[in-house]
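> Structure, please.
(one chain, ligands or ions: 3)
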Amino acid sequence: MEKKIVLIPGDGIGPEIVREAKAVLAHVAEKFGHTFSFTEIDMGGCSIDRYGEPLTDENLQKAKESDAVLLGAVGGNAETSPWYKLAPSLRPEAGLLKIRKELGLFANLRPAFLYPELAAACPLKPEQLANGFDLVIVRELTGGLYFGERHTEKVNSVETAVDTLVYTEPEIRRIAIKAFEAATKRRKSLISVDKANVLDTSRLWRRVMEEVGKDYPDVKLSHMLVDNAAMQLVYNPGQFDVIVTENTFGDILSDEASMVTGSIGMLPSASLNETKLGLYEPSHGSAPDIAGQDKANPLATILSAAMLLRYSFDMETEARAVESAVAAVLRDGYRTPDIYTEGTKKVGTREMGALVRERI
Ligand SMILES: NC(=O)c1ccc[n+]([C@@H]2O[C@H](COP(=O)([O-])OP(=O)(O)OC[C@H]3O[C@@H](n4cnc5c(N)ncnc54)[C@H](O)[C@@H]3O)[C@@H](O)[C@H]2O)c1
Ligand SMILES: CC(C)[C@H](C(=O)O)[C@@H](O)C(=O)O
Ligand SMILES: [Mg+2]
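Numbers count the residues shown, from 1 in each chain. Ligands and ions are numbered 1, 2, ... in the order given. Now for the predicted structure:
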């Protein structure tokens, strides 16, 4: 049966990395006898330029009617791009938030894994990597500060900005279940990261995690304050298996975790709801500083395509074939500039994509 994939190249390096991931998916389809159709839509700055808004309802509808969505990245340089002169609700990132909310993508899985071949690209000392590094961050994606009420006003003639952090018990419960399920399939350790020494939302978060944990007696649940978690991630990263955390903390900790893998260009992600329709994207941004130069690492996007095959299409063999091909390329010594170290072979975005496809 044909599978409909909506591609969102977006801005900056987005079109370059999505081009490579699309070619990987097309290669998988041919090799394993599947039919994938591809429809491209605009989102982010390119959509603002074309339609005056970051995601039109018509394009959103195309995403809703697909079987899976693969995104590059949206956004530009906030200092220089005219997109950032617009009202916040019309800026590129608003398109991303709209699609996450409209598709109900509350669970964002961000696996971070240090390939042994990339140890030299990791800024940590070898002894800190003694326990390896292989974790998944389960980030809540449709609540918290990102979606709370916000405004800017003058209070007693003082310019005042307000962002609201809200979580409801059902929102916490459903992400807890995703996290416990993920931990069940891995090393059965779940660390819930919060700021319960200060925030009411975190205290509710902790209570619900404990309650849901009763249904998963095999999983060891513990709690860690987010400031400590940020420190532990670079001090002893091997201690983590699954981390579950709220939207903002997950955003920050996942960029931090990405550097332990060698580069933000290595970190894929899957944004899921309760159906099979998911959105897959690298955790990094549109990297305007290297856009159009064939320098971007396409591996996070290619690994996101592997997650698409796994979670939206139930194609585990195909997903593993893509992941093994990425591992093989790294074993064979090929590196984009962000993960390049002495003695390895530097390649561009295009060549990296081709090298992965050759190994599937
Ligand atoms: N999901 C998304 O669409 C998404 C995610 C994060 C940031 N953004 C947007 O991207 C724009 C730039 O943000 P930023 O500079 O803070 O973060 P960024 O992730 O785009 O870039 C940070 C640094 O990492 C490098 N980098 C990122 N991806 C890379 C890759 N695949 N290969 C090699 N190097 C890579 C960049 O060159 C830059 O030096 C902003 O407009 C931001 O809002 C979008
Ligand atoms: C671009 C931005 C809105 C987005 C986020 O904060 O979720 C990005 O940083 C990410 O990690 O996907
Ligand atoms: Mg981020």
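
> Checking residue 97 next. Helix, strand or coil?
The three-state label given to residue 97 by DSSP: H, G, I helix; E, B strand; the rest coil is helix.

> can you pull the contacts of it?
The contact partners of residue 97, by Cβ atoms under 8 Å, 6 or more residues apart in numbering, come to 146-147. Yep, even glycine has a C-beta here, placed from its N, CA and C like the rest.

> What of residue 256?
230, 233-234.

> one more time with 6 Å, if that's ok
residue 233 (Cβ atoms under 6 Å, 6 or more residues apart in numbering).

> Checking it next. Helix, strand or coil?
Counting by three-state DSSP, the backbone at residue 256 sits in helix.

> what about it, distance to ligand 1?
13 Å (Cβ to the nearest ligand atom, to the nearest Å).

> Same check on residue 224?
The value you get for residue 224 to ligand 1, if Cβ to the nearest ligand atom is used, is 24 Å.

> So if we follow the domain assignment, how does this structure break up?
1-107+269-360, 123-260 (automatic domain parsing).

> okay, the ones you listed in JSON lines with mean pLDDT and distance to ligand 2 next?
Putting the domains of the chain into JSON lines (pLDDT from 0 to 100; distance: least, Cβ to the nearest ligand atom, whole Å) gives the following:
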{"stretch": "domain 1-107+269-360", "mean pLDDT": "98", "distance to ligand 2": "4"}
{"stretch": "domain 123-260", "mean pLDDT": "97", "distance to ligand 2": "4"}
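
> Tell me which of these lies nearest to residue 113.
Of all those, domain 123-260 sits nearest to residue 113, with 4.9 Å by Cβ to Cβ.

> That closest one: end-to-end distance?
Terminal residues of domain 123-260 lie 7 Å apart, using Cα to Cα, to the nearest Å.

> highest average neighbour count across the domains of the chain?
By mean neighbour count, with neighbours taken as mean count of other Cβ atoms under 10 Å, domain 1-107+269-360 ranks first of those at a mean of 20.

> Now find how far off-centre that one is within its chain.
The gap between where domain 1-107+269-360 is centred and where its chain is centred comes out at 10 Å by Cα atoms, centre = their mean, to the nearest Å.

> Pull up the distance across it, start to finish.
By Cα to Cα, the extent of domain 1-107+269-360 from end to end equals 22 Å.

> Packing partners of whichever helix in the chain runs longest?
Across the chain, the helix with the greatest residue count (assigned by DSSP state H) is helix 14-32. Taking 3 or more Cβ pairs under 6 Å, 6 or more residues apart in numbering; DSSP states H and E as contact, the helices and strands that helix 14-32 lies on are strand 3-10, strand 68-73, helix 299-311, helix 349-358.

> Quick check: which of those is nearest to residue 334?
Across the helices and strands packed on helix 14-32, residue 334 has its closest neighbour in helix 349-358 (5.4 Å, Cβ to Cβ).

> Tell me which stretches of the stretch 51-200 of the chain form helices.
If you assign secondary structure with DSSP state H, counting those that start in this stretch, the helices in the stretch 51-200 of the chain sit at 57-64, 92-102, 169-184, 200-213.

> quick check: angle from the helix or strand following the last one to helix 200-213?
The helix or strand immediately downstream of helix 200-213 is strand 220-225, counting by DSSP states H and E. Following axes from the mean of the first three to the mean of the last three Cα atoms, to 10 degrees, one obtains 170 degrees for the angle between strand 220-225 and helix 200-213.

> How about residues contacting the helix or strand that strand 220-225 is followed by?
Past strand 220-225, heading to the C-terminal end, the next element that is a helix or strand (DSSP H and E) is helix 226-235. Counting by Cβ under 6 Å, 6+ apart, helix 226-235 makes contact with 193, 195, 249, 256-257, all of which sit outside it.
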